[in-house]
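Trainee: When you get a sec, could you give me coordinates for this:
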Amino acid sequence: MIVEEIMKTDVAVLFPSNTIADAMDVMESRKIRHIPIIDKEGKLVGLVTVAKIREATPSIFHANEHPEIIKKPLETIMERNVITGHPLDFVEEAAGLFYEHRISCMPIINDRKLVGIVTETDLLRTMVELTGAHQPGSQIEIKVPNLAGKLSDITTVIKNRNANILSVLVYPDKSDPLYKILVIRLQTMNPTALIQDLRLAGHHVLWPNIPGISL
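Mentor: Next comes the predicted model:
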């Protein structure tokens, strides 16, 4: 999946000359936490976030004492070194940048012009959709040797039970680098018979550990 498929294109933007008060109004009306700042050609020049505004503005209890602060232009507080993405970037690469740089949003640009934005919420929603976690079903976790063909062996057992796979995730076994954990989400509410088949075929099912079915 690429960023273009999940990014928002109806992006609220402001100019460097707009004020902090303008940004506060837009954030309140649009219920957003990030505003890309563009120039007259539509090119990204900065980013203003709720955190930046909170750093710049006084406490609500003293706002009347310093009305000039919220009249300052956004160019005085905006983040200029903005981490950006491209519409054709892979979503997992974008997620890696969110994790590495601890950012909460990523403006998406093409030929230096702003074309969209991706937020933490967009990535979380995408993860839920990709894993099928929002659909009725059950989940099985299986520990397998890190060898070619193991996933195929397991899906064959699942196929023989006529079970439908919603998603498959693979991650390393932290306790043993020679193994991996397969997380398979199925479109079935009762995987008991399938778990028994997997164990009879010699696979190590970690979850669910159903009483009465031996390992």
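Trainee: Residue 131 - how many residues pack around it?
Mentor: Counted with other Cβ atoms under 10 Å, residues neighbouring residue 131 total 16. Bear in mind the C-beta positions are built from the backbone N, C-alpha and C, glycine included.
Trainee: Distance of it relative to residue 137?
Mentor: 10 Å (Cβ to Cβ, to the nearest Å).
Trainee: any residues in contact with both of these two?
Mentor: Residues touching both residue 131 and residue 137 by Cβ atoms under 8 Å, 6 or more residues apart in numbering: 166, 185.
Trainee: how about the spatially most central residue of the chain, secondary structure?
Mentor: With distances taken as Cα atoms, centre = their mean, residue 123 lies nearest the centre of the chain, 2.1 Å away. What DSSP: H, G, I helix; E, B strand; the rest coil gives for residue 123 is helix.
Trainee: now do the one 5 residues further on
Mentor: Look at residue 128: counting by three-state DSSP, its state is helix.
Trainee: Let me see the backbone angles for the residue nearest to it when sequence neighbours are not counted.
Mentor: Excluding the flanking residues, the one nearest residue 128 by Cβ to Cβ, 6 or more residues apart in numbering is residue 134, at 5.2 Å. Main-chain torsions, residue 134, degrees, to the nearest 10: phi -90, psi 0.
Trainee: For residue 134, give its distance to residue 185.
Mentor: Distance from residue 134 to residue 185, by Cβ to Cβ: 11 Å.
Trainee: In terms of neighbours, single out the busier of these two.
Mentor: Taking neighbours as other Cβ under 10 Å, residue 134 and residue 185 compare with residue 185 leading, 19 against 10.
Trainee: Now do the SS call for that one.
Mentor: Going by three-state DSSP: residue 185 is strand.
Trainee: got the contact list for it?
Mentor: By Cβ under 8 Å, 6+ apart, the contact set of residue 185 is 131-133, 137-139, 165-168.
Trainee: Among these, name the ones in strands.
Mentor: Mapping the contacts of residue 185 onto strands (DSSP state E) picks out 138-139, 165-168.
Trainee: that's a helix at residue 190, yeah?
Mentor: No: using three-state DSSP, the assignment for residue 190 is coil, not a helix.
Trainee: who's in contact with the spatially closest residue to it that is not a sequence neighbour?
Mentor: Of all residues not flanking residue 190 in the chain, residue 138 sits nearest, at 7.2 Å (Cβ to Cβ, 6+ apart). Going by Cβ under 8 Å, 6+ apart, residue 138 touches 185-186, 188-191, 208.
Trainee: Report the contact partners of the residue nearest to the centre of the chain.
Mentor: 6, 91, 94-95, 98.
Trainee: Residue 90 now?
Mentor: Taking Cβ under 8 Å, 6+ apart as the test, what residue 90 contacts is 1-3.
Trainee: if we can go back for a sec, among the contacts of residue 185, who's most crowded?
Mentor: Counting by other Cβ under 10 Å, top hit in those: residue 166 with 20 neighbours.
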